[in-house]
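Q: below: sequence and its predicted model.
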Amino acid sequence: MGGDRERTLGAALAIGRAIGPSRIVDDPDMLARFARDESEEPAHVPAAAVIPHTASEAAACLRIAAERGVPVTPRAGGTGKSGGAVPVMGGIVLACDHMARIKEIHEGDLVAVVEPGVVLARLHEAVEDMGLFYPPDPASLDSCCMGGNVAENAGGPRAFKYGVTSHYVLRLEVATTSGAILRVGHRPVKGVAGYNLAEMLVGSEGTLGFFTEITLRLIPRPDRVSTAMALYADVSRAGQGIGAVLAAGLVPRVLEIMDRESVDTVREAGAPLPRGAGALVLAEFDGSERAVEADLEKAAEALDRAGATDVLAATGAAERGRLWKARRDLSEALRRRRAHKTADDIAVPRSRLVEALERIEMIASRHGLVGATYGHAGDGNLHVNFLWDDPDLAAAAARARAETLQLAIDLDGTISGEHGIGSVSREFLEKEIGRDVMELCRGLKRLLDPSGILNPGKIF
């Protein structure tokens, strides 16, 4: 299906006649930017791209492509790490570059209505200027777009306290391969009329439809934010520090962990950290000034009791800014440390966190790789990276990755906490969810995309 370039170009020509030729991109140099995302998936240049300005134009594109059997890969910011936006079957990329309006921010309803191409950082700034707050904060917030956030059910460090994207999506407008434009969900926070189709579409990775409008729940902006940093001799003790914070009854908005390789990387990237730390825990609190001060003190005591070699506070905006910039750039900084890298984001029950950290270190050592593990420890969500220079270690890295994903399953966890399955993890999905559930998911896919053109090669 994806190799029929002539058929794809014919479909693009028909789409151009329907919605205007200016919406079509077919120049090879311009198409190169649609060829990859931030995953390790190799680049695949599509035969054409369609950049609609309206929901009806997006729906027309999907209808014509379905009639002609041409694959379509929805694309937002292209910052995903699972290969979800890579057109692995060729065909057409359907991009939301020109659907990037913040259509409404309603203070009374605590709601924002946006198009899929809105960059997350822009939404953050707009709502916070009005004293409101949209909590999800993936590392790529300066460049990722809301359509992709919804498609991947993006999370981020603040998910421990505030949850992930699905907790804030109220209503979706979605274009389907039949050419219809559906509205699912509801604007009020509460609503139980019919099946919860909006929640089903969140995290569907572009395989069921193309989002054209997103209605989001907002909350009041917290008054103050402060961060405690605890240094440990090794990652096992840092994991115990995480447990100590939770045992103290605290609910930080962020509860992060970094191993030695990760700490060294963020320090070299400019984070205000001392040398020699074997691991790091970040516990960040927000709320009223009095509550934040009390929580910060209680967290420092818990982290110290768990064996921290030092506990520091980053209360100033500039200091916190340097720390978080380095943390958000960590994945790319690790990529620069070695010639090759794998990256996965398993999640395990919090009670199995220390066990997972210790076994991941053993996996890396056994295969002769450099391991770098960090992540949202409050959620049990660990970003596991294996690094190497020698190309002969590629097979060992593949085995280490497979063992890590199996470890997550064995610990009653999941192979992906927030990045999604995409093309890079699809071979492992059935091991987690089982054949019967896989068939159920495929049945839902056939119902909404009977021609099978939407993001083929992903998830299943």
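A: Here it is on my side, so go on. Residues are numbered from 1 along each chain as shown.
Q: which residues touch Ala302?
A: Gly241, Ala244, Val245, Ala247, Ala248, Leu250 (C-beta atoms under 8 Å, 6 or more residues apart in numbering). Backbone N, C-alpha and C define where each C-beta goes, glycine included.
Q: distance of the first one relative to Cys441?
A: With distances defined as C-beta to C-beta, to the nearest Å, the gap from Gly241 to Cys441 amounts to 38 Å.
Q: and those two? Which one has more around it.
A: Applying other C-beta atoms under 10 Å to Gly241 and Cys441 shows that Gly241 carries more neighbours, namely 28 against 16.
Q: from Ile433, how far off is the more buried one?
A: Counting by C-beta to C-beta - Gly241 and Ile433 are separated by 33 Å.
Q: ok so, going back, buried among the contacts of Ala302? Need that as a selection in ChimeraX.
A: Only the buried entries of the contacts of Ala302 go into this ChimeraX selection, using 16 or more other C-beta atoms under 10 Å:
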select :241,244,245,250
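Q: tell me the two of the contacts of Ala302 that are most distant?
A: Gly241 and Leu250 (12.0 Å; C-beta to C-beta).
Q: how is this structure partitioned into domains?
A: If you go by automatic domain parsing, the domain ranges for the chain are 5-98, 102-220, 224-327, 338-433.
Q: any idea how far Leu387 is from Ala269?
A: Ala269 is 15 Å from Leu387, by C-beta to C-beta.
Q: so between the two, which is more surrounded?
A: Counted by other C-beta under 10 Å, Ala269 and Leu387 do not tie: Leu387 has more neighbours, with 21 against 18.
Q: in the one helix or strand the more buried one maps to, what's buried?
A: Here Leu387 sits within strand 381-388, counting by DSSP states H and E. Residues Asn381, Leu382, His383, Val384, Asn385, Phe386, Leu387, Trp388 are the ones in strand 381-388 that count as buried (16+ other C-beta under 10 Å).
Q: quick one: contacts for the third one?
A: Contacts were defined as C-beta under 8 Å, 6+ apart; by that measure His383 touches Ser331, Ala343, Asp344, Asp345, Thr373, Tyr374, Gly375.
Q: likewise the fifth one?
A: In this structure, Asn385 makes contact with Ser331, Leu334, Lys341, Thr342, Ala343, Asp344, Gly371, Ala372, Thr373, judged by C-beta under 8 Å, 6+ apart.
Q: looking at those, which two lie furthest apart in space?
A: Ser331 and Gly371 (14.4 Å).
Q: more neighbours: those two, which one.
A: Neighbours per residue (other C-beta under 10 Å) separate Ser331 from Gly371, with Gly371 holding more: 23 against 20.
Q: measure the more buried one to Arg401 for me?
A: In terms of C-beta to C-beta, Gly371 sits 11 Å off from Arg401.
Q: what do you get for Ala333?
A: With the distance defined as C-beta to C-beta, Ala333 ends up 20 Å from Arg401.
Q: Glu41 now?
A: Going from Glu41 to Arg401 by C-beta to C-beta gives 14 Å.
Q: Val50 too?
A: According to C-beta to C-beta, Val50 and Arg401 sit 35 Å apart.
Q: tell me which of these two has more neighbours.
A: Shown here are Val50 and Arg401; by other C-beta under 10 Å, Val50 has more neighbours (25 against 22).
Q: got the contact list for the more buried one?
A: Ala12, Ile15, Ile19, Arg23, Ile24, Val25, Cys61, Ile92, Val93, Leu94, Ala95 are the contacts of Val50 under C-beta under 8 Å, 6+ apart.
Q: between the residues you listed, which sits nearest Leu280?
A: Of these, the one sitting nearest to Leu280 (C-beta to C-beta) turns out to be Ala95, at 38.0 Å.
Q: quick one: contacts for that closest one?
A: The contact partners of Ala95, by C-beta under 8 Å, 6+ apart, come to Phe34, Ala49, Val50, Ile51, Arg75, Ala76.
Q: go again with 7 Å.
A: For Ala95, the contacting residues are Phe34, Ala49, Ile51, Arg75, by C-beta atoms under 7 Å, 6 or more residues apart in numbering.
Q: ok, Ile363 next?
A: By C-beta under 7 Å, 6+ apart, the contact set of Ile363 is Ala400, Glu403, Thr404.
Q: tell me the angle of whichever strand or helix holds it relative to strand 381-388?
A: Using DSSP H and E, Ile363 falls within helix 353-366. Interaxial angle, helix 353-366 versus strand 381-388 (axes from the mean of the first three to the mean of the last three C-alpha atoms, to 10 degrees): 10 degrees.
Q: what residues of stretch 107-125 count as buried?
A: Buried positions in stretch 107-125, judged by neighbour count with 16+ other C-beta under 10 Å: 109-120, 122-124.
Q: ok, and the closest non-adjacent residue to Val370?
A: Leu387 (4.2 Å; C-beta to C-beta, 6 or more residues apart in numbering).
Q: low pLDDT regions in this structure?
A: Residues of the chain meeting the criterion pLDDT under 70: 1-3, 315.
Q: ranges for the helices of the stretch 251-400 of the chain?
A: Remark: helices assigned in the stretch 251-400 of the chain by DSSP state H, counting those that start in this stretch are 260-268, 289-305, 317-328, 330-337, 353-366, 394-410.
Q: what helices and strands are in contact with the first one?
A: Think helix 260-268. strand 279-287, helix 330-337, strand 370-376 (3 or more C-beta pairs under 7 Å, 6 or more residues apart in numbering; DSSP states H and E).
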